[in-house]
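> Any chance you can model this:
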Amino acid sequence: MRFVWVGALLLLIASVASLISNRQSGRLIDESWTTASRVLPESELGQLQRATPAYTAGFFARLPEPLREKFASKMWQALELMIFRSLMLWQVVPAFVIAVLAGLLEGRWARANQKELVKMHSPMRFSLALTSLALTPVLALLWIAAPVAVPPTLLVFALGAVAIIGTRNLVVHAPTQF
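Predicted coordinates:
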């Protein structure tokens, strides 16, 4: 399991480094705005358009002056893209909560109807369910730092599926006492 976490951390660092060095963050911001207009209403999108540059400027204002002068020109668009994606992710969090609740209900139903099959829990399947649920935030962070344009609908679908399946398996294969 440690290798999975180390690999996820290295992939996240590589994604951020690629996004910063890519110099195509402006194009990715434009593509993110257009794909976000299909997911979010205009009022929410307008708030995100105003909030993203303000958060980016606030982040760079907290840096010491030498670092600000050195990194602001290189990292401004990449940081703006990551802040926009994280704000957009915050807007779609209710979809993930609904997915976890759906997985919880489906898992309880499956466990109640399979009493004969689930006499003893499977530690390996339980561990895999915990791992899949724990990797959900890592997948979200990878989407925030991705150096490619990934539509938010794909993010909601993929993370929702992982949340439903992981929660269901967590409930079905949870340790029990008979």
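> only C-alpha atoms for contact and neighbour calcs from this point on.
Will do.
> Touching the host helix or strand of Gly166 from outside, list them.
Element membership of Gly166, judged by DSSP states H and E, is helix 152-172. When contacts are defined by Cα atoms under 8 Å, 6 or more residues apart in numbering, helix 152-172 is touched by residues 35-36, 39, 92, 95-96, 99-108, 110-111, 118, 125-126, 129-130, 132-133, 136, 139-140, 143.
> give me the number of residues near Leu45?
When neighbours are counted by other Cα atoms under 10 Å, Leu45 registers 17.
> I'd say it and Ser37 touch.
Yes: under the criterion of Cα atoms under 8 Å, Leu45 makes contact with Ser37 at 6.8 Å.
> coming back round to it: are any of the contacts of helix 152-172 buried, and if so which?
Among these, the ones that count as buried by 16 or more other Cα atoms under 10 Å are 35-36, 39, 92, 96, 99-108, 110-111, 118, 125-126, 129, 132-133, 136, 139-140, 143.
> Next, name the residue at the spatial heart of the protein.
Ala140 (1.2 Å; Cα atoms, centre = their mean).
> Where does the residue nearest to Val148 when sequence neighbours are not counted fall, secondary structure wise?
Residue nearest to Val148 in three dimensions, not counting chain neighbours: Leu28, with 6.9 Å by Cα to Cα, 6 or more residues apart in numbering. Taking DSSP H and E as the definition, one finds Leu28 inside helix 25-39.
> Now do that helix: which elements does it pack against?
Contacts defined by 3 or more Cα pairs under 8 Å, 6 or more residues apart in numbering; DSSP states H and E place helix 25-39 against helix 65-91, helix 152-172.
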